[in-house]
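>>> test case, fold it:
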Amino acid sequence: MSAFSSDLDLNVQDVTGNGTDVDVATNLLNGDIRLSILWTQEILLSADSADQVALALQRAAEQARKITANTTPESTTSTDQAQPKPE
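Reported below is the predicted structural model:
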C-alpha cells in the first residue's frame, strides 16, 4: 500500500504523442507532494496541459496543508507573528 494519493483529475500527456505522462500525488502521512514525469526524463506540454498540471499541484498543496495542519502546533505555523527586520 502506498502512502501517496495521485490526483485522479489529472490526465496529461506530452505533445509529441510518445505516451509520457505526468503524475501529481500527495503523501497522506506527511503532506509531501510528488511530481512525477513517467516514462522519460522530460515532457513537452501544451499550454492547456501545463495549466492542468499547475491546478493539480495547487490541489495537492491544499491537501498537504490540511495534512500538516493536523500535525503541526499552531504556534509554529502562524504567519501573523511579527518578525524583526534585519538592519
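
>>> neighbouring contacts of stretch 40-49?
Contact with stretch 40-49 is made by 12-16, 18, 20, 22, 37, 53, as judged by C-beta atoms under 8 Å, 6 or more residues apart in numbering. C-beta: built from backbone N, CA, C; applies to glycine.

>>> top of those by neighbour count?
Neighbour tally across the contacts of stretch 40-49 (other C-beta atoms under 10 Å): the maximum, 22 neighbours, falls on residue 22.

>>> counting neighbours, what do you get for residue 42?
Residue 42, neighbours per other C-beta under 10 Å, totals 7.

>>> actually residue 25, sorry about that
With other C-beta under 10 Å as criterion, residue 25 counts 20.

>>> who does it bridge with?
Listed by DSSP bridges, the beta-bridge partners for residue 25 are residue 6, residue 34.

>>> quick one: low-confidence parts of the chain?
Within the chain, the stretches with pLDDT under 70 are 1, 72-87.

>>> ok, and the closest non-adjacent residue to the residue nearest the centre of it?
The residue lying closest to the centre of the chain (C-alpha atoms, centre = their mean) is residue 57, at 3.6 Å. Once flanking residues are discounted, residue 57 sits nearest to residue 24: 5.7 Å by C-beta to C-beta, 6 or more residues apart in numbering.

>>> which SS class is residue 67?
Three-state call for residue 67 (DSSP: H, G, I helix; E, B strand; the rest coil): helix.

>>> closest one of the contacts of stretch 40-49 to residue 6?
residue 22 (10.4 Å; C-beta to C-beta).

>>> which phi and psi does the closest residue to the closest one other than its chain neighbours have?
Using C-beta to C-beta, 6+ apart and skipping the chain neighbours, the partner closest in space to residue 22 is residue 12 (4.6 Å). In terms of degrees, to the nearest 10, the main-chain angles of residue 12 are phi -120, psi 130.
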